Structure formats: C-alpha cells, structure tokens
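Peer 1: Need the 3D shape of this:
(chains A and B)
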2 protein chains.
Amino acid sequence: MFESAELGHQISKERYDAEVPPLREKLLSAQYELVKRHQFSAIILIGGVDGAGKGETINILNEWMDPRHIQTTAFAMDDADLHGRPEMWRYWKMLPPNRKIGLFAGSWYSQPITQRAYGQIKNAELDRDLELIRGFERMLTDEGVLLLKFWFHLSKDRQKRRLKALSRDERTAWRVGELEWKHFELYDEFAAASVRALRETSTGNAPWTIVEGTDRRYRELTVGTSVLGALEARLQRQADAPVANTRAAPLIPALDGKNVLSALDYSTRMPREEYERELEEKQGRLNLLTRRPRFKQHSVVVVFEGSDAAGKGGAVRRLTRALDARQYQVIPIAAPTDEERARPYLWRFWRHLPERGRFTVFDRSWYGRVLVERVEGYCSESDWMRAYTEINDFEEQLVQNHTIVVKIWLQITPEEQLRRFEERKNTPFKQHKITEDDWRNRAKADEYTQAVCDMIDRTSTELAPWNLIPADDKLSARIRVLDVIHRNIREALE
Amino acid sequence: MFESAELGHQISKERYDAEVPPLREKLLSAQYELVKRHQFSAIILIGGVDGAGKGETINILNEWMDPRHIQTTAFAMDDADLHGRPEMWRYWKMLPPNRKIGLFAGSWYSQPITQRAYGQIKNAELDRDLELIRGFERMLTDEGVLLLKFWFHLSKDRQKRRLKALSRDERTAWRVGELEWKHFELYDEFAAASVRALRETSTGNAPWTIVEGTDRRYRELTVGTSVLGALEARLQRQADAPVANTRAAPLIPALDGKNVLSALDYSTRMPREEYERELEEKQGRLNLLTRRPRFKQHSVVVVFEGSDAAGKGGAVRRLTRALDARQYQVIPIAAPTDEERARPYLWRFWRHLPERGRFTVFDRSWYGRVLVERVEGYCSESDWMRAYTEINDFEEQLVQNHTIVVKIWLQITPEEQLRRFEERKNTPFKQHKITEDDWRNRAKADEYTQAVCDMIDRTSTELAPWNLIPADDKLSARIRVLDVIHRNIREALE
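Peer 2: Predicted structure coming up:
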C-alpha cells in the first residue's frame, strides 16, 4: 500500500514556484465560492507518521486559503475532557458548520491505530473500530460533508533521518520527544496497523490519499492540488443538480393489520392510592440506586418518545423528582437552532451527552428523523432509511462506553388521544399544550403508526431495546417508566 | 445581616398544603408565559451554608415548574475545565438562553467567599472580586436577565445539629463528608466573608434574599413565592412598556477637529525587498517566542479592528503564518447565530477564549457594540454607553488571568480607502470583498470617526491599550502588527 510513497517523490523549486501562485488563487476562489453560496462543510484529515510534514502542511493550507473560514483542530488523545463520553464525542464536538473547512490534525484513526501498534487491542477489535469509522464517515458524506483524508508516509529509513535532522536543529528539536522515538521503535507495528486501517476505510465516498512526506514541495503541491480538485468537483456537482436519491424498496405495513402497538394491553387501571404509594417507593428505590458508588462509572441517557398527549412531560417529571437536580439535564427537542442545522443531524444530540455519573433525559430525540421528518417529508427517503443504521451505531457507541440507554415509547389509543386533545382545548390552563401540529399529526395517524412500527423493528436492538408502554392510564404508565429505568440501571450495575 | 434568619421560622403543614397547589399552578403559568412570549432569561442563584436545604429547594423548583425549560447547573470549584481561562468563563458558558430559567447551585460567589474564609485572600482582594461581580451582575440585568439570588442560612448550632442528623440517616450520610465538617469548623470565617459579600452585592438590580434553612416548608414556600413574585412583576413590566433608557450627556467631538486618528503619520512607505526580509525575520522571532516554555502559562487574545479595507485580513494571515496552526484559531465576527443572540452580547466572545498556550485572533470583536451597533442604531445609547465599562471589565479579567490582550486598530485615510474600494470593485477576484455596507459606512465616516475616538478614549487602558497603526502602506503596517504582538508577549513573559 505504501510502495508508491517510498519512491522519493520530489518537485523542483522552479515548478513549485510556477504552480503555487495560480493554485493559491484557485483555492481561495473555491473557498469563497463555498463560503458565499453553498450549504456544505469540508473536513480535511491529515494523518500519518511523525516527521512527515503534517504540521507544515496544515500551516500552508491556512496560508493559501482564508484562515477565517478554516477551523484547525489538533486532537490530543487525552481522556480528560471526555469525562466518560464516547471517544467520538471529541470529533463530533469539533465538526465544522456548513461553509467552513475543518482541518483535523489527528482524527478518529489515531486511537485505534495506536492501540493496535502498542498491542493493546487485537485485529478483531481494530476491525470493529474500523467498521464504526466506516459508518461514521458514510454518515458524514451522506449528510453532505466533503471528506478528504490524507496519509503522510515515510519509509523507516527516511523517518529515522528526518527525526534526527529535526533533533539537531534547535528550532525544531522540541518536536521530537521520547514519544516520537518510542513510536519510531514501533515503526513496523504502526505500519501494519495503518495499512489495515487504510485498506478497510478507503471507501468510494471517502478514499485515502497517501502522500510521500520526504519532499516539502511535493507534499504541499500534492495536497493543495488534491484539495482544489475535490472542492471544485463538489462545487460543480452542487451547481449541476441535487444528488439523486436511490429509492429503496418501500416499507409496507403487515398485511394482516396486526402491529406491536395495537397488540399492547390498554386496559390496566391503577387506583390513585396505590399509585401514590408505589410512586414514593419507586422514586426512593431509584434514588438509592443512583447513589451507589458504582453508578459513578456509568451515565444514563433516557429517551422519551410517544404519541402526542401520551403523557411524556408528566412521566419526565416523576422521573426527575427521583433524582438530584444536580445530576440530570432535561433536553426538550424542538426545532433545531441555526448552529445545529448547519451540521449533521446527530450533532445536536452528541452535544448534550452526559458525563459519567449523570443523566440526560431527552424529551423527544434523534428518532424524530424516522418519525416526524419521515412522515412530513422534511428529509428524503434515503435520509431516513440510512438513519436507522446511523442511530444504531450511535447507540452502540453509547452502550459500549458504559452509558445506560433507556428508550421509552408511551402509546395511547386513538380514542384516549381524542379525549385528551378535547380536554386540553377546553381547559384554559392546558391550552398551551395543544397546537395545530397535534391535529395535523392525528390526521396522519396511519402513517405515523407505520413509521413507529418500522422504527421499533429496526432500532430495538439487544443493546438498546425499546420499552413500549401503554399509557391510556397515566398513573400505571408512570410507575412502569420508573420500573423500566430502575431495571436497566440495576442490570448495568450488576 | 443574618439576624432575621435565626428566628426559627417555620410554616405549618396545613398552611403549606393549602398554599402550594395554587403557587405551583401560578409558577407554571408564569413559566409558560416566559417560554411562549418573552425574550429574556432568568437566573436563580442558590447559595449558602451546607445542610441548609439548597439541593432540596432546587429539586422542588424543578418539580413545581416544567424542568424541560430549566437548566440546572451545579458548579464545582474545579479548575480542570478552565485550562487557564478566567474563573467567570464557567458561568458565562452556562448562561441560559432567552426563555429558559437557569438554576445555579454554587455561583461566582463560591470561590471568593471560600478563599476568604480559608484566609487565602485578604478583604481587599475579596472586595476587588466583589466589585467585579457587581459589574457582571449589572451587565446581566442591563442585558435583560432576571437575576434572583437566594442565600440559605443556618445558625452555627442549627448547622451542627443538621449535619449530625444527615450523617445518622443512611440515605443522606453521603452528603456530609470531611469537607462539610471542615467548613463547619470555619463557620465564623465563612459567616464573616458571606456577610461582607452579601452586603457589597445586594444591589437594587440584584438584591439578595436571605432564607432561614431550618424548616423545609418555610424555605420552599419562601423561595417559591419569591420567584413567582419576581417573574410576575417582570412579565407585567415587559407587557407594559419597554424599559426607558436614561439618556447620557451626548459625546461630542473635540471642538478643534483634532483627533487621534488624524494625528497619525500616514506617510511611511516600506520597499518590498525590505518588507520581505523583515517579514521573515519578524515571523521567525514571534514563532520562537511562542515556543518558550513560559509561554505555556499564558494565552493570547488578538483583536483586529480598523477602517473597512484597511487590510485586516492580510495582517491576520501574516500573523497566523508565524504560528503553528494547531495553536491558534481565527474567529471572524459577522452576524451572531440565534444561540448567540439569545444571550448577553459578550457571550459569543467568551465561548472562544483560548486555553493556556493558545491564541484566539478576533477579526472584528466585541468593539462592534460601540462602533457599528452605535452608529447604525442597532442598540440603544444606554446599551453602548455601558458597554465601555463592560468591555473594560472583561479585558481586565483576561489580563489578570495571564491572558495577553493585544488590540490593534488599522487606520487608512479616506483617499486611500476610496482607492481600495474602486480597485476591489474593478478586480473580479476581489469583488467579494466589497459590499453595499462598505459604501454605507463610508458615507457615515464622521460618525464612525467619532465612535472610534470615543472607543479609544474609553477603552485604551493601561492593562489593554489600543495600538493605532496607520495602514495606507500595507507592508509597513503588517510589520508593525507583528512588532506590536511580539512586544506584548515578550513583556508578559519577562
């Protein structure tokens, strides 16, 4: 894989001096075209071996383009800021908004490759990480991000000479420390892990470009030309036509009309005295559970979804009452802010992930993508079809990272819903809870039911199953919510 | 000051049970009024001694109101996340957006009071901190935030009994650790520091309410009633009329027409060969400076302001070229995002403050408040008049926190500006750099000059002086920019 990058590529000073000025002009021009007229962002990853000129290349790109519209981030593999969130959180956090270019020194490849080179993980685990990365990158490009990946390579002999040269010069000696020499000793292990990673992730939507790092002029001109080509092609494509969506086979409802929602038992009724007693007991029990020392090794994400007027708000309040207010946040999901709209849709959820020892309660969630956005046509079919996989990948990362994910669907019957809508309409104190949207959604009940059933079929996984709770009786539903959350946390702690 | 809060206040169960239901209903109703119809946020601080029921009160407010529109934050005085930013950064970061209520457990009072109680700072330093707090709170309320401050008090004897009771009960024993007992030993020192802090900061716009913490029903009802009263009064006031602005004495230009801008010498011209040589030398020198080990104890904020077409972008690029791209970010200031618009105007700058060892370069800045916003009438006169003080306070915090603040004003003559505008208009490659706004601003040159001179008079402080650079000659101006930045950093390191 690295053969072509050990040929001793170089570019003469004359050629460099002749080619750079028009290249810069075109790069700047393409960048402004992006800034002024387009709704996508670009991410340029610069990875590779130490001493191969990654830093200089990042500097030169910042010089050739307008740095005001570039976000450069150097990622340290330091877990301090994660506070228990998944590794990918640090990259999500730094995703550039539309119209900006994100220049990443270090990336989601750094940790798996390093761990493999050090022998901390096996190939099977590396492959699992790479699978996750493929899904992540596929999501990025599907969301419209222009993703460019450059790998800077040096042969073993070249790297040794380069590190020595850097050490000798007092202006650059600081760049070669113990860690760099330690990595050099592991050159072969790093090479093997890198080849595997590059091979597994050089996909059609996000291929790698391997750049020999020996000659400064060669690598700068290669990266610059490559970035320009990709930017221009993308700008041209945007100008031509929107990307065609591949139409998947349509999802159809079960032909006998049975579904998981209609199969629920809506007849339970809990007397109020029993409810009051149970509520106090269940809240106390949950509270004690969250005080166990082991709880501090986990975080909890609770997702509340359900029919309109199913009692999500009330259930959320009975849950939070059991917790110390300092250990949770409730995130109500409504229309995204403009900062959120300018990034892949999961970004707005990643930004609220809890630290270790804390809860985030989502009142509506990322499932909006496959529910309201699907039914109302706010996104294309291919967007919501791919969302099932993206969501499963997202939740898998959470669970593997010791986050307890509890997904609750509260369902009421159409008759009960009508009764509650009428009650809200006629009670001054409750009128703010009913809007035109609610009536609109009700009119599309069949489409919503279909969307919910598809969602459950496709995202109720063994790692993060859906809990379907019939909620015609508010009181018993609230108790069941507390039960479900308690059970999930208890099982995780044991 | 605490006399009234040691009287053994209590509320009977009957009265509590009778008053809470209507109180809850009104609180919820006021909260929805805020959520649906208003453009302000509320911050409720809960401070005071350990064991006085702060946590329970926060929980009850979350239960009485809709927690989906409350942001509860418990602040730990842990410097880990600051990475060298000013202490106030953690509070700025958590300011709620309009229409939300921020419930703060712990606040900007915690650190000064604790440090004073432990004898780590003297009264004079405490007073300086309190002065800063008064300015901060004045800014918040001027920006429209409804700020409510509650102090939970217990007499020494009551606190001892309370801590013992908490320790005995296994459900609450976790809440009383060594730290709480240590603080109890320092009860008198904490009381003295708190009284001083409360006295100095109980201002007309943000008075303290002292609450005796002995009786749960008393403190809950007191806080609930107080929050309701403040919310309702504010909602009523908003409905009645906008807040009247006190009109300050108008600022007038110097009567003889002399000003700091016209007094600059615009005649310098630097030959290109000299520039090339100087540029390389100055960039290298600056680069070496930022590699010194001591530099890691500082951060740098560079503010670029200046006439339109004065060459800010070019100067920024010559600066960033001298730095490692991984150690700086350039923040171009254009229209605020909606998340920024929903908070006090300085929030959008606080969020980009650099960590230790890093640069943030602002291409335009918070000075927009007293320049374009003043001249174009985007904010009221009282808004931009108070901004001078707010800005000086902001920069003072940066400087006291080892941030090096370099403020650069690039000025060109009206003749040179016209020449550059025409050149931009007539060069295809530069047309994106000239807009209607530029011509509009030029037509108001006198008003802008006046605003710039006032800005310099009022914000060129000994801690963060303005550097005025004549820029008719781009080359010499760029060199002077590098000189100014180098000098400021060098002086800070020595």
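
Peer 1: show me where chain A has strands.
Peer 2: Ranges of strands in chain A, per DSSP state E, are A:42-48, A:70-74, A:101-105, A:146-153, A:208-212, A:299-306, A:328-332, A:359-363, A:403-411, A:466-470.

Peer 1: residue contacts, A:Arg116?
Peer 2: Counting by Cβ atoms under 8 Å, 6 or more residues apart in numbering or on different chains, A:Arg116 touches A:122-123, A:125-126, A:189, A:192-193, A:196. Glycine gets a C-beta too; all of them are placed from N, C-alpha and C.

Peer 1: Repeat the analysis, applying 6 Å as the threshold.
Peer 2: Residues near A:Arg116 by Cβ atoms under 6 Å, 6 or more residues apart in numbering or on different chains: A:126, A:193.

Peer 1: do the same with A:Glu416
Peer 2: Counting by Cβ under 6 Å, 6+ apart, A:Glu416 makes contact with A:Asp472.

Peer 1: and if you look at A:Leu186?
Peer 2: With contact taken as Cβ under 6 Å, 6+ apart, A:Leu186 is in contact with A:Ala117.

Peer 1: mind putting the strands of chain A in TSV, distance to chain B included?
Peer 2: Formatted as TSV, the strands of chain A follow (distance: least, Cβ to the nearest Cβ, whole Å):
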stretch	distance to chain B
strand A:42-48	10
strand A:70-74	4
strand A:101-105	6
strand A:146-153	15
strand A:208-212	17
strand A:299-306	10
strand A:328-332	4
strand A:359-363	5
strand A:403-411	15
strand A:466-470	19
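
Peer 1: Near the nearest residue to A:Gly8 once chain neighbours are set aside, how many other residues are there?
Peer 2: Leaving aside its sequence neighbours, A:Gly8 sits nearest to A:Thr214 (Cβ to Cβ, 6 or more residues apart in numbering or on different chains; 6.4 Å). A:Thr214 has 23 neighbours, counted by other Cβ atoms under 10 Å in any protein chain shown.

Peer 1: Likewise for A:Ile43?
Peer 2: When neighbours are counted by other Cβ under 10 Å, A:Ile43 registers 24.

Peer 1: What's opposite it in the beta bridge?
Peer 2: A:Gly102, A:Leu147 (DSSP bridges).

Peer 1: any idea how far the lowest-mean-pLDDT helix or strand in chain A is from the chain center?
Peer 2: Lowest by mean pLDDT, DSSP states H and E among the helices and strands of chain A is helix A:436-443, with a mean of 86. Remark: helix A:436-443 is offset 31 Å from the chain centroid, using Cα atoms, centre = their mean, to the nearest Å.

Peer 1: Convert the C-alpha atoms of that helix to PDB, please.
Peer 2: What follows is helix A:436-443, C-alpha atoms only, in PDB (Å, rounded to 0.1, in the frame of the first residue of the first chain):
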ATOM      1  CA  GLU A 436     -52.300  22.800  15.100                       C
ATOM      2  CA  ASP A 437     -49.400  20.300  14.700                       C
ATOM      3  CA  ASP A 438     -51.100  17.900  17.100                       C
ATOM      4  CA  TRP A 439     -54.300  17.800  15.000                       C
ATOM      5  CA  ARG A 440     -52.300  17.500  11.800                       C
ATOM      6  CA  ASN A 441     -50.300  14.600  13.100                       C
ATOM      7  CA  ARG A 442     -53.600  12.900  14.300                       C
ATOM      8  CA  ALA A 443     -55.000  13.100  10.800                       C
END
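
Peer 1: From B:Thr449, how far off is the closest residue in space to A:Ala30 that isn't next to it in sequence?
Peer 2: Once flanking residues are discounted, A:Ala30 sits nearest to A:Leu231: 4.3 Å by Cβ to Cβ, 6+ apart. Here A:Leu231 is placed at a distance of 41 Å from B:Thr449 (Cβ to Cβ, to the nearest Å).

Peer 1: A:Ala310 too?
Peer 2: Computed as Cβ to Cβ, the A:Ala310 to B:Thr449 distance reads 62 Å.

Peer 1: circling back to that earlier point, the strands of chain A: which one's closest to A:Val20?
Peer 2: strand A:208-212 (16.5 Å; Cβ to Cβ).

Peer 1: Now A:Gly357: phi and psi?
Peer 2: phi 80, psi 0 (degrees, to the nearest 10).

Peer 1: count of neighbours near it?
Peer 2: That count, for A:Gly357 with other Cβ under 10 Å as the rule, works out to 15.

Peer 1: tell me the contacts of it?
Peer 2: A:Gly357 is in contact with A:Lys296, counting by Cβ under 6 Å, 6+ apart.

Peer 1: Enumerate the residues of chain A near chain B.
Peer 2: Contact residues, chain A versus chain B (Cβ under 6 Å from any Cβ of the partner chain): A:32, A:58-59, A:62-63, A:67-68, A:72, A:74, A:105, A:291, A:320-321, A:325-326, A:330, A:332, A:337-339, A:363, A:432.

Peer 1: ok so, going back, can you put the strands of chain A in JSON lines and add mean pLDDT and distance to B:Ser267?
Peer 2: Below are the strands of chain A laid out as JSON lines (pLDDT from 0 to 100; distance: least, Cβ to Cβ, whole Å):
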{"stretch": "strand A:42-48", "mean pLDDT": "96", "distance to B:Ser267": "43"}
{"stretch": "strand A:70-74", "mean pLDDT": "90", "distance to B:Ser267": "36"}
{"stretch": "strand A:101-105", "mean pLDDT": "94", "distance to B:Ser267": "40"}
{"stretch": "strand A:146-153", "mean pLDDT": "95", "distance to B:Ser267": "47"}
{"stretch": "strand A:208-212", "mean pLDDT": "91", "distance to B:Ser267": "48"}
{"stretch": "strand A:299-306", "mean pLDDT": "97", "distance to B:Ser267": "64"}
{"stretch": "strand A:328-332", "mean pLDDT": "91", "distance to B:Ser267": "60"}
{"stretch": "strand A:359-363", "mean pLDDT": "96", "distance to B:Ser267": "62"}
{"stretch": "strand A:403-411", "mean pLDDT": "97", "distance to B:Ser267": "65"}
{"stretch": "strand A:466-470", "mean pLDDT": "96", "distance to B:Ser267": "75"}
